[in-house]
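Q: got a sequence here, can you model it:
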Amino acid sequence: MKLSLLVPFSLIACLFVACGSPQEESIVETPAVDPMAEESFFMRNEEILEAILARLERENIEHWLKEDGSVGFYARDTETVDAIANAEIGNWVTLQ
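A: As a prediction, this is how the structure comes out:
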């Protein structure tokens, strides 16, 4: 076989071997979060804490103060609590 034909055939053979057969994608399942699971956060800045607590009250987010000084809430409200905390921290920073 000529060298000029051997190179393309070798490349094609390597591609077939390297590609192999398609494999099933493995699906990683994450466990569902219990919406009634308790979450909490700490806020040491009293001004920001008061603003967050006032906003949680206005938006009817169920929350409570825990013995360790953290603010407790339910996992179902995590995105809302995060948004409120970020907004109030941003407001405080802007005013400084």
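Q: show me the shaky parts of this protein.
A: 1-26 (pLDDT under 70).
Q: all strands of it, in order?
A: 38-41, 63-65, 71-74 (DSSP state E).
Q: okay, those, which one's buried deepest?
A: When you average the neighbours per residue for each of these (mean count of other C-beta atoms under 10 Å), strand 71-74 leads with a mean of 17. Heads up, the C-betas are built off the backbone N, CA and C, glycines and all.
Q: give me the sheet partners of that one and which way each runs.
A: Its sheet considered, strand 71-74 pairs with strand 38-41 (antiparallel), strand 63-65 (antiparallel) by DSSP bridges.
Q: chain center to it, what's the gap?
A: Offset of strand 71-74 from its chain centre (C-alpha atoms, centre = their mean, to the nearest Å): 18 Å.
Q: restricting to C-alpha, output it in PDB.
A: Taking Å, rounded to 0.1, in the frame of the first residue of the first chain, the C-alpha atoms of strand 71-74 are listed here in PDB:
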ATOM      1  CA  VAL A  71     -32.400  34.100  62.300                       C
ATOM      2  CA  GLY A  72     -34.300  31.000  61.500                       C
ATOM      3  CA  PHE A  73     -36.600  30.400  58.500                       C
ATOM      4  CA  TYR A  74     -38.000  27.600  56.400                       C
END
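Q: what does that strand rub up against?
A: For strand 71-74, the surrounding residues in contact (C-beta atoms under 8 Å, 6 or more residues apart in numbering) are 35-43, 49, 52-53, 56, 61-66, 81.
Q: with that, I have no additional questions.
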